[in-house]
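[1] Below are the sequence and a predicted model; questions follow.
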Amino acid sequence: MSETETRIKVDVNEQLQEPSLFKIIYVNDNETSMEFVIESLVEIFDYAPTTAESLTIKVHEEGAATVAILPYEMAEQKGIEVTVSARSAGYPLQVKLEPES
């Protein structure tokens, strides 16, 4: 008796795509201190203090500003970290996520 060997050929067509990027936007308010915003940008986004200060001024003067562009999961995590930190400090700072165009 001879044994029959069956081989199955599987054609895998995996195309990896870069993850979608999202903008993290700080929205200005009249209660959150500029010092807190600068500190959050330094602590959470690892910005240099001078860069964080420039972004904070932009948020203040324009009403909102993109502070980072990251893959969705990272952007969401950073947004949560900022929001939790702001609420813990008693600030109403809002962070929005928007898809990058």
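    Alright, I've got the coordinates.

[2] Show me the helices in this protein, by range?
    Using DSSP state H, the helices of the chain run over 34-45, 49-62, 72-88.

[3] which parts of the longest one are buried?
    Buried residues in helix 72-88, counting neighbours by 16 or more other C-beta atoms under 10 Å, are found at Ala75, Lys78, Gly79, Val82, Thr83, Ser85, Ala86. For the C-beta atoms, the positions are set from N, CA and C on the backbone; glycine is no exception.

[4] what residue ranges in the chain score low on pLDDT?
    1-2 (pLDDT under 70).

[5] Give the burial count for Ile38, as a bare number.
    Neighbours of Ile38 under the rule other C-beta atoms under 10 Å: 20.

[6] need the contact list for it.
    For Ile38, the contact set (C-beta atoms under 8 Å, 6 or more residues apart in numbering) comprises Pro49, Ala52, Glu53, Thr56.

[7] about what we covered before: and which of the buried residues of helix 72-88 is nearest to Ser101?
    Ala75 (14.7 Å; C-beta to C-beta).
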